[in-house]
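Peer 1: Everything below, folded, please.
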Amino acid sequence: DKIEEIVEEVNQGGLCQIANYNSNSQIVITGINRALSKAAVLIKENGGRAVPLKVSGAFHSSLLDRASAELYQILKDYEFKKPVFKVVYNISGKESDENIIDILSKQINHSVYFKQSIEYMIDQGVDTFVEIGPGKALSAFIRNINPEVKVYSVNDLSSYESLKRELIDE
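Peer 2: Next up is the predicted model:
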């Protein structure tokens with residue numbers, strides 16, 4: 001993908017990286033401002049669109065390796081049980097037998113493979129997705145990834161009741 005090539009070119013030791021693979025039409029990059037500005041110019045020169053996001057840090061990048069290590073040190077003192085249900089992890093876009101503490105601490109300094117996670121679930125037979133919480137950004141991403149699946153957004157009691165009538169009360 002062209003954006004990946006551009007990020008690779010600009011990266012220079014972790015200064016610009018892909019933070020999120022959101023959908024077929026949206027990838028988020030992160031890093032230091034100098035590298036992000038250079039990447040934005042190259043993206044626009046190649047026919048893409050670059051929109052700066054108002055965030056307070058270079059999340060999901062190696063620039064947060066120390067924070068990831070600190071979270072690991074905190075989490076290692078807790079016991080986590082194996083999940084009862086299958087879990088698809090956004091750090092890999094698939095299921096994993098990796099230690100949950102490793103997975104959780106990597107959420108800070110690794111890319112989010114949301115698009116790949118949705119594609120994996122669809123390949124596994126999932127055909128219905130429910131976004132719970134304010135906004136509908138994830139629902140829009142899922143529709144962009146695969147317009148054939150059913151996508152619902154629940155953000156209040158009314159939308160919950162509507163979903164319940166459609167999926168459960170049938």
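
Peer 1: how about the strands in the protein?
Peer 2: Using DSSP state E, the strands of the chain run over residues 16-23, 26-31, 128-132, 150-154.

Peer 1: Mean neighbour count added to these, as JSON lines?
Peer 2: Yep, even glycine has a C-beta here, placed from its N, CA and C like the rest. Output for the strands of the chain, formatted as JSON lines (neighbours: other C-beta atoms under 10 Å):
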{"stretch": "strand 16-23", "mean neighbour count": "22"}
{"stretch": "strand 26-31", "mean neighbour count": "21"}
{"stretch": "strand 128-132", "mean neighbour count": "15"}
{"stretch": "strand 150-154", "mean neighbour count": "17"}
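
Peer 1: For the chain, which segments count as helices?
Peer 2: Assigned by DSSP state H, the helices in the chain fall at 2-11, 33-45, 65-75, 100-109, 114-123, 137-145, 157-167.

Peer 1: how about low-confidence regions in the protein?
Peer 2: 169-170 (pLDDT under 70).

Peer 1: before we move on, the earlier item: Tyr89 is nearest to which of the strands of the chain?
Peer 2: strand 16-23 (13.5 Å; C-beta to C-beta).

Peer 1: Now do the closest one: distance to the chain's middle.
Peer 2: In terms of C-alpha atoms, centre = their mean, to the nearest Å, the centre of strand 16-23 is found 8 Å from the chain centre.

Peer 1: for that strand, packing partners?
Peer 2: helix 2-11, strand 26-31, helix 33-45, helix 114-123, helix 137-145 (3 or more C-beta pairs under 8 Å, 6 or more residues apart in numbering; DSSP states H and E).

Peer 1: Relative to Tyr152, which of the ones you listed is closest?
Peer 2: helix 137-145 (7.4 Å).

Peer 1: Who are the packing partners of the closest one?
Peer 2: With contacts taken as 3+ C-beta pairs under 8 Å, 6+ apart, helix 137-145 sits against strand 16-23, helix 114-123, strand 128-132, strand 150-154.

Peer 1: how about these in JSON lines, adding distance to Ala58?
Peer 2: Output for the helices and strands packed on helix 137-145, formatted as JSON lines (distance: least, C-beta to C-beta, whole Å):
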{"stretch": "strand 16-23", "distance to Ala58": "8"}
{"stretch": "helix 114-123", "distance to Ala58": "18"}
{"stretch": "strand 128-132", "distance to Ala58": "26"}
{"stretch": "strand 150-154", "distance to Ala58": "29"}
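
Peer 1: Now tabulate the strands of the chain in a markdown table and tack on distance to Phe59.
Peer 2: Putting these into a markdown table (distance: least, C-beta to C-beta, whole Å) gives the following:
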| stretch | distance to Phe59 |
| --- | --- |
| strand 16-23 | 6 |
| strand 26-31 | 6 |
| strand 128-132 | 20 |
| strand 150-154 | 24 |
